[in-house]
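Q: Provide a 3D model corresponding to the input given below.
(4 chains)
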4 protein chains.
Amino acid sequence: MDDTNSNENKQQKMIAKLAEVFCNHVPFHNVVGFEFDQLSIEGCKISFTNKPELIGNYVQQILHGGVTATALDVVGGAMAAVGMMEKYPDADENELGRKLARIGTIDIRIDYVRPGRGESFYAKARLLRSGSKVAVVRMELHNEKDTLIALGTGTYMMG
Amino acid sequence: MDDTNSNENKQQKMIAKLAEVFCNHVPFHNVVGFEFDQLSIEGCKISFTNKPELIGNYVQQILHGGVTATALDVVGGAMAAVGMMEKYPDADENELGRKLARIGTIDIRIDYVRPGRGESFYAKARLLRSGSKVAVVRMELHNEKDTLIALGTGTYMMG
Amino acid sequence: MDDTNSNENKQQKMIAKLAEVFCNHVPFHNVVGFEFDQLSIEGCKISFTNKPELIGNYVQQILHGGVTATALDVVGGAMAAVGMMEKYPDADENELGRKLARIGTIDIRIDYVRPGRGESFYAKARLLRSGSKVAVVRMELHNEKDTLIALGTGTYMMG
Amino acid sequence: MDDTNSNENKQQKMIAKLAEVFCNHVPFHNVVGFEFDQLSIEGCKISFTNKPELIGNYVQQILHGGVTATALDVVGGAMAAVGMMEKYPDADENELGRKLARIGTIDIRIDYVRPGRGESFYAKARLLRSGSKVAVVRMELHNEKDTLIALGTGTYMMG
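A: Presented below is the predicted three-dimensional model:
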């Protein structure tokens, strides 16, 4: 097996591991209904469909700011997790699992730039800084028409 | 009727109006299960009981950071609403309703200082600045043992 | 005189007015030594040369975090000012002057992503939201080699 | 020598060490003119006198927002340094010096709640979280009449 295959395998396993944690171990993700679209060092992306329970202002049918905050924090944390995986290419699955479980949000800032209207939404993240102690990530929330709704910056503790 | 009674009546109506919006017009609040404990210019307070759907890390049984963000934003927005009501003591109910509907979060920063463990949680807010354009609010999340879990600062658009 | 010339004239005057305020009315700008490179609705840019007084850590010769904060706030405020000018194309100079004098920073977040090393630095800003009450701006600080040193987001009160 | 004396000696040395770094190794601190008033695990405090060079708006004689940011970051960093010293009571001076030199601001948020008017100002800090990787600190700036001018929250990398 050549290196390219080996890296592809590792990438596949990494995605599978994170996706499994994401879908089975985080009850609140099911409440919102996040889907997992992209997970790579170049960026992460999640999406979800609008539904009545996510509304904050039913007159204007605007997404609750807490849902926006959740989506940005989730995609930011996923990005930090990928950043950490890249730092430890030789870690075995158990070690990586322990490290992943210790990743946590230190702080987050969210700017709400437009009302959260849409049929569906996606949040994407980009790594700004990935160190042994903390990762800094920038996030954006858009609706299905690519309208920018909110931006975030999060600082994450590395396990 | 003397002034004290009049003010008490206004305060009662104000609480009733906000509580009604809070409980009936914000579907996502029911998902989390917020209760409305205090609503006055001295401070606002909401509370909620922990439950499986709110968990972000089921191994460690820690509240999802998005739930924390939601609670802080909700109590911060309620505080901004009370600040606005104080500015327009002579506004009628319709006018106040319209103004309330336009209150929105401009930005929020959250610092997660301890893992969100607990049987129940409360979030409280204090007004730092209340102008005609924006209000700035500081918020805290504690568990039932008064352990500080997260702090926030939010800037809110005044309607 | 056609419209293109008229707009160009207005743009010229606008730049002249802001540059004058910037250079003559803000003593602290002279302490740092900011230069004014770009001022348009597409973006603002300022630059400054490193010098001993701006150092925060002399062993490592790193820019003081307060200088970084200052540069980001200055370019963010300039961007908010341009955003306001665009909203009032028919305002006369006095009115615009009064409005400009009332622009103020409501809040700012700065992320320091790399040590502030360099011979010179530039800060640039981009308008994210420009309303009648507040403007939200994203800023970046780079050194002369285009290394990203810090990012910021600021919310500004519109006069 | 009993423990109380020993601790007092350590505290004295600690203050002397930090004060020396603060006054001799940070050129930008001399530009502003910071004084060092308190340095203990209970809190840190610095002060400075207003002067023409620190003004951002000469019409209104208001402190430049960058000076406010600098003061808050400086007192926050000092608080993080004290927090770190407390974690390593047995570290020798060289080791502590190396650790101190690596403390850096990861991110900071500042809320400007009132115009920076005053004859002199003080900034104080309180430790919210002090871990082996990061410290989180809350800061406030007041004028000589105890008017609250700005608040901040900073996250600091521990050396």
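Q: Which residue would you name as the spatial centre of chain A?
A: A:Val75 (1.3 Å; Cα atoms, centre = their mean).
Q: Per-residue pLDDT of that one, please?
A: Turning to A:Val75, the model gives it a pLDDT of 96.
Q: For the helix or strand harbouring A:Cys44, give me every contacting residue.
A: According to DSSP states H and E, A:Cys44 maps onto strand A:43-49. Strand A:43-49 is contacted from outside by A:32-38, A:54, A:71, A:74-75, A:78-79, A:82, A:119-127, using Cβ atoms under 8 Å, 6 or more residues apart in numbering or on different chains. In short, each C-beta sits where N, CA and C put it, glycine included.
Q: Show me which residues of that strand are buried.
A: Neighbour-count burial for strand A:43-49, counted by 16 or more other Cβ atoms under 10 Å in any protein chain shown, picks out A:Cys44, A:Lys45, A:Ile46, A:Ser47, A:Phe48.
Q: Beyond that strand, next helix or strand please.
A: strand A:55-57.
Q: before we move on, the earlier item: extract the CA atoms of the strand holding A:Cys44 and return them as PDB.
A: C-alpha atoms of strand A:43-49 as PDB (Å, rounded to 0.1, in the frame of the first residue of the first chain):
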ATOM      1  CA  GLY A  43     -12.500  23.400   6.200                       C
ATOM      2  CA  CYS A  44     -15.600  21.900   7.900                       C
ATOM      3  CA  LYS A  45     -19.200  22.300   6.900                       C
ATOM      4  CA  ILE A  46     -22.500  21.300   8.600                       C
ATOM      5  CA  SER A  47     -26.100  21.900   7.500                       C
ATOM      6  CA  PHE A  48     -29.600  21.700   8.900                       C
ATOM      7  CA  THR A  49     -33.100  22.300   7.700                       C
END
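Q: Tell me how far that strand lies from the chain's centre.
A: 7 Å (Cα atoms, centre = their mean, to the nearest Å).
Q: Show me which residues of chain A are close to chain D?
A: Contact residues (Cβ under 8 Å from any Cβ of the partner chain) of chain A with chain D: A:Ile106, A:Asp107, A:Arg109, A:Lys133, A:Val134, A:Val136, A:Thr153, A:Thr155, A:Met157, A:Met158.
Q: give me that answer again for 6 Å
A: Within chain A, the residues that sit near chain D (Cβ under 6 Å from any Cβ of the partner chain) are A:Ile106, A:Asp107, A:Lys133, A:Val134, A:Thr155.
Q: ok, the first one - contacts?
A: Read that as A:Ile106. A:Thr155, A:Met157, D:Val134, D:Thr155 (Cβ atoms under 6 Å, 6 or more residues apart in numbering or on different chains).
Q: can you rerun that using 7 Å?
A: A:Val134, A:Thr155, A:Tyr156, A:Met157, B:Tyr112, D:Val134, D:Thr155 (Cβ atoms under 7 Å, 6 or more residues apart in numbering or on different chains).
Q: taking these as a set, which two sit the farthest apart in space?
A: The most widely separated members of the contacts of A:Ile106, counting by Cβ to Cβ, are A:Val134 and B:Tyr112 (12.8 Å).
Q: Looking at these two, which one has more neighbours?
A: B:Tyr112 (26 against 19; other Cβ atoms under 10 Å in any protein chain shown).
Q: Who is the more buried one paired with across the strands?
A: Beta bridges link B:Tyr112 to B:Ala150, judged by DSSP bridges.
Q: Same check on A:Leu127?
A: Under the criterion used here (DSSP bridges), A:Leu127 is bridged to A:Val137.
Q: Just give me the neighbour total for it.
A: Counted with other Cβ under 10 Å, A:Leu127 comes out at 20.
Q: wait, it sits on A:Met84?
A: No. Applying Cβ atoms under 7 Å, one finds A:Leu127 not in contact with A:Met84, separated by 10.3 Å.
Q: Going by neighbour count, list what's buried in stretch A:116-133.
A: A:Gly116, A:Gly118, A:Phe121, A:Tyr122, A:Ala123, A:Lys124, A:Ala125, A:Leu127, A:Leu128, A:Arg129, A:Ser130.
Q: For A:Tyr157, grab phi and psi.
A: Actually, residue A:157 is Met rather than Tyr. phi -80, psi 130 (degrees, to the nearest 10).
Q: Kindly provide the distance from it to B:Ala123.
A: 22 Å (Cβ to Cβ, to the nearest Å).
Q: Equivalent analysis for A:Gly76, please.
A: From A:Gly76 to B:Ala123 the distance is 22 Å (Cβ to Cβ).
Q: What of A:Asn94?
A: Distance from A:Asn94 to B:Ala123, by Cβ to Cβ: 37 Å.
Q: Kindly report the same for A:Phe48.
A: 24 Å.
Q: same check, this time on A:Gly97
A: Using Cβ to Cβ, we find A:Gly97 at a distance of 32 Å from B:Ala123.
Q: One more: A:Ala91?
A: 37 Å.
Q: Could you do A:Lys133 as well?
A: For A:Lys133 relative to B:Ala123 (Cβ to Cβ), the value is 29 Å.
Q: Next: A:Glu20.
A: 32 Å.
Q: same check, this time on A:Glu140
A: Taken as Cβ to Cβ, the span from A:Glu140 to B:Ala123 is 26 Å.
Q: From the rest of the structure, what touches the helix or strand where A:Phe28 lies?
A: Assigned by DSSP H and E, A:Phe28 falls within helix A:27-32. With Cβ under 7 Å, 6+ apart as the test, helix A:27-32 has contacts from A:22, A:48, A:54, A:67, A:70, A:74, B:31, B:52-56, B:58, B:64, B:66-67.
Q: swap the cut-off to 8 Å and go again
A: Contacts of helix A:27-32 (Cβ under 8 Å, 6+ apart): A:22-23, A:48, A:53-54, A:67, A:70-71, A:74, B:31, B:52-56, B:58, B:64, B:66-67.
Q: now the end-to-end length of stretch A:140-158.
A: End-to-end distance for stretch A:140-158, by Cα to Cα, to the nearest Å: 21 Å.
Q: what does the average pLDDT come to for it?
A: On average, stretch A:140-158 scores 97.
Q: what's the answer for stretch A:81-95, then?
A: 85.
Q: Going by neighbour count, which residues of that stretch are buried?
A: Neighbour-count burial for stretch A:81-95, counted by 16+ other Cβ under 10 Å, picks out A:Ala81, A:Val82, A:Gly83, A:Met84, A:Met85.
Q: same for chain C: which of these are within range?
A: Of the buried residues of stretch A:81-95, not one also sits near chain C (Cβ under 8 Å from any Cβ).
Q: would you list those residues in CSV and tack on secondary structure?
A: Converted to CSV, the buried residues of stretch A:81-95 look like this (DSSP: H, G, I helix; E, B strand; the rest coil):
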residue, secondary structure
A:Ala81, helix
A:Val82, helix
A:Gly83, helix
A:Met84, helix
A:Met85, helix
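Q: Run the chain-centre distance for stretch A:131-150.
A: 8 Å.
Q: Next: stretch A:109-123.
A: The answer for stretch A:109-123 is 15 Å, by Cα atoms, centre = their mean.
Q: Can I get it as PDB, trimmed to CA atoms?
A: Taking Å, rounded to 0.1, in the frame of the first residue of the first chain, the C-alpha atoms of stretch A:109-123 are listed here in PDB:
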ATOM      1  CA  ARG A 109     -17.900  35.600  19.700                       C
ATOM      2  CA  ILE A 110     -20.800  35.700  17.400                       C
ATOM      3  CA  ASP A 111     -21.900  38.600  15.200                       C
ATOM      4  CA  TYR A 112     -25.400  38.500  13.900                       C
ATOM      5  CA  VAL A 113     -25.300  40.400  10.600                       C
ATOM      6  CA  ARG A 114     -28.700  39.600   9.000                       C
ATOM      7  CA  PRO A 115     -32.000  38.000  10.200                       C
ATOM      8  CA  GLY A 116     -31.900  34.200  10.100                       C
ATOM      9  CA  ARG A 117     -34.400  33.600   7.400                       C
ATOM     10  CA  GLY A 118     -34.200  30.500   5.100                       C
ATOM     11  CA  GLU A 119     -35.400  27.000   4.400                       C
ATOM     12  CA  SER A 120     -32.100  25.500   5.300                       C
ATOM     13  CA  PHE A 121     -28.700  26.700   6.600                       C
ATOM     14  CA  TYR A 122     -25.100  25.700   6.500                       C
ATOM     15  CA  ALA A 123     -22.200  26.600   8.800                       C
END
